[in-house]
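Visitor: Turn this into a structure:
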Amino acid sequence: MYNVVVFDGSKIPSGVVVSPRTNQKSLKFIFGDRSASAIASTIGSPNSAQRLVCSTCSRVTCGRPTRRAVGTGTACEGSATAVWPDLSESATLVTPTLSVMSGRYCTSRRLMEPRYPFSGGCDSGRATGETGGVPELPEVEALAHHLREHAVGRTVARVDVASLSVLKTASPPWTALHGREVTGAGRFGKYLDLDCGGLHLVTHLARAGWLRWSDTLSATPPKPGKGPLALRVHLGKPGDGPGFDLTEAGTKKGLAVWIVEDPHEIPQIASLGPDALTISRADFGSLLAGRSERLKTALTSQQLLAGVGNAYSDEIMHTARLSPYATAGKLDDEALDRLHDAMISVLTDAVARSVGQDAARLKGEKRSGLRVHARTGLPCPVCGDTVREVSFADKAFQYCPTCQTGGKPLADRRLSRLLK
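Guide: This is a model prediction of the structure:
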């Protein structure tokens, strides 16, 4: 678990001290100013190795383990996570170009509601809920497009595995990819597929995973268990040729890689529902007919509909002017028309924005197009009402009461407990 501090660009003295509880390992900083740099330092044990990880590009900048200023880095798209192993320590954030705190500390994987609305655009509006950075259909499609443009036609020279836990298959081994030509790249829902001459490297990026392309990769094999790097694929002579890294930031690991002859051998892919970007209106109506779950649950169920996650489901329901708590199987034809049109338009627009972007900028591009997700406390861009949130144990969703629920706030158990 981690505490979260939000910075919005006001002026207060530099040096914000945060004392995490003893069961917390990391502190997440979210900046309103994309150019902000930060120094995360520990107060306590001089042997506390610490790192600052940019949540957008997963770049890790580490300092020598000293008593002060052991992790330094720049949040290139607005947020960073500092991680340290000593559970009893406190942490100090020093921001040379930005030193402002607003909002509350939170002991869960989301932010509490801010004390006052944020200003300054999308990044500063990420006051609550998940960040906009979890890869969903548009981002995975953009990564597949990038690989089709840059990897197809190249030969896999070497695969370096830095974290054996990401490999979910033992046979064929990863060495079976060596010497194979990359013949295609695609996706299955949120799963990325690299076709290497009939042998497939399939990746699920989970919450904090990412693909980082490089025109030149280091020839030195990575040390296992060091940093966020999980797997490296050389598509040319190591040290001279291009390739990509699969990385995962944070302490909660979910990145998964399979090497198979047929992607449908993977149970998670075999159980996927129809693709959200290509399903027809008729099939979509049949899919939801008789469903008793809430609309939010139905849209994010990968077995029902592949590709839509927490962020884009919020955007789709907002565009369609439908409540997240609406019963999926009770929508009339007019509501289904709006929902299908919204889903296709939101995902198509997101793919159009993402395709062609540098992979390191994709998460920032995703955030720039969001209207309600991760914007709790900000005005709705359609009606001006305040975007609200409903929070659960490990995630949250955002909505506009005026646009989606007839002006009525939805029940939030967290808020309800505070009001008792």
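
Visitor: residues contacting residue 403?
Guide: Taking C-beta atoms under 8 Å, 6 or more residues apart in numbering, we find residue 403 in contact with 318, 321, 380, 382-383, 385. (C-beta placed from N, C-alpha, C; glycine too.)

Visitor: Looking at those, which are in helices?
Guide: Using DSSP state H, the members of these that fall in helices are residue 318.

Visitor: Are any of the contacts of residue 403 buried, and if so which?
Guide: 318, 321, 380 (16 or more other C-beta atoms under 10 Å).

Visitor: want to throw these into TSV with distance to residue 180 and pLDDT?
Guide: Formatted as TSV, those follow (distance: C-beta to C-beta, whole Å; pLDDT from 0 to 100):
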residue	distance to residue 180	pLDDT
318	44	98
321	49	98
380	50	96
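
Visitor: picking that back up, which one of the contacts of residue 403 is nearest to residue 136?
Guide: The closest of the contacts of residue 403 to residue 136 turns out to be residue 318 (C-beta to C-beta; 15.5 Å).

Visitor: which residues sit in contact with the closest one?
Guide: Listed by C-beta under 8 Å, 6+ apart, the contact partners of residue 318 are 371-372, 380, 382, 399-400, 403-404.

Visitor: for residue 271, same thing?
Guide: 302-303 are the contacts of residue 271 under C-beta under 8 Å, 6+ apart.

Visitor: start at 51 instead
Guide: In the new numbering, first residue 51, that becomes residue 321.

Visitor: Now it. Its backbone dihedrals?
Guide: Per-residue torsions, residue 321: phi -90, psi 0 (degrees, to the nearest 10).

Visitor: which secondary structure elements does the helix or strand where residue 318 lies contact?
Guide: Residue 318 belongs to helix 317-320 when assigned by DSSP states H and E. The helices and strands touching helix 317-320, judged by 3 or more C-beta pairs under 8 Å, 6 or more residues apart in numbering; DSSP states H and E, number zero.

Visitor: could you give me the average pLDDT of it?
Guide: If you average the pLDDT over helix 317-320, you get 98.

Visitor: go on, stretch 395-413?
Guide: Mean per-residue pLDDT for stretch 395-413: 79.

Visitor: now swap in stretch 196-209 and tell me
Guide: On average, stretch 196-209 scores 96.

Visitor: same deal with stretch 268-286?
Guide: Stretch 268-286 comes out at a mean pLDDT of 92.

Visitor: Go ahead and name everything in contact with that stretch.
Guide: 101, 103, 108, 110, 112, 201, 204-214, 216-217, 224, 227, 232, 244, 251, 259, 267, 288-299, 305, 307.

Visitor: one step back: take the contacts of residue 368 and keep only those in strands.
Guide: residue 449 (DSSP state E).

Visitor: Next one, pLDDT for residue 303 please.
Guide: pLDDT recorded at residue 303 is 88.

Visitor: helix, strand or coil for the nearest residue to it once chain neighbours are set aside?
Guide: The shortest distance from residue 303 to any residue other than its chain neighbours is 6.7 Å, reached at residue 215 (C-beta to C-beta, 6 or more residues apart in numbering). Classification of residue 215 using DSSP: H, G, I helix; E, B strand; the rest coil returns helix.

Visitor: how about the lengthiest helix in the chain: buried residues?
Guide: If you go by DSSP H, the chain has its longest helix at helix 383-404. Neighbour-count burial for helix 383-404 flags 386, 388-390, 392-394, 396-397, 400-401, 403-404 (criterion: 16+ other C-beta under 10 Å).

Visitor: export those to TSV and tack on distance to residue 315?
Guide: Listed next are the buried residues of helix 383-404 as TSV, based on distance: C-beta to C-beta, whole Å:
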residue	distance to residue 315
386	34
388	38
389	33
390	31
392	34
393	29
394	30
396	32
397	27
400	29
401	27
403	33
404	28
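
Visitor: how near is residue 211 to residue 327?
Guide: Residue 211 sits 32 Å away from residue 327, going by C-beta to C-beta, to the nearest Å.

Visitor: What of residue 223?
Guide: Residue 223 sits 34 Å away from residue 327, going by C-beta to C-beta.

Visitor: So what's the residue count around residue 352?
Guide: Residues near residue 352, counting by other C-beta atoms under 10 Å, number 19.

Visitor: Next up, the contacts around it.
Guide: Residues in contact with residue 352 (C-beta under 8 Å, 6+ apart) are 239-240, 318, 321-323.
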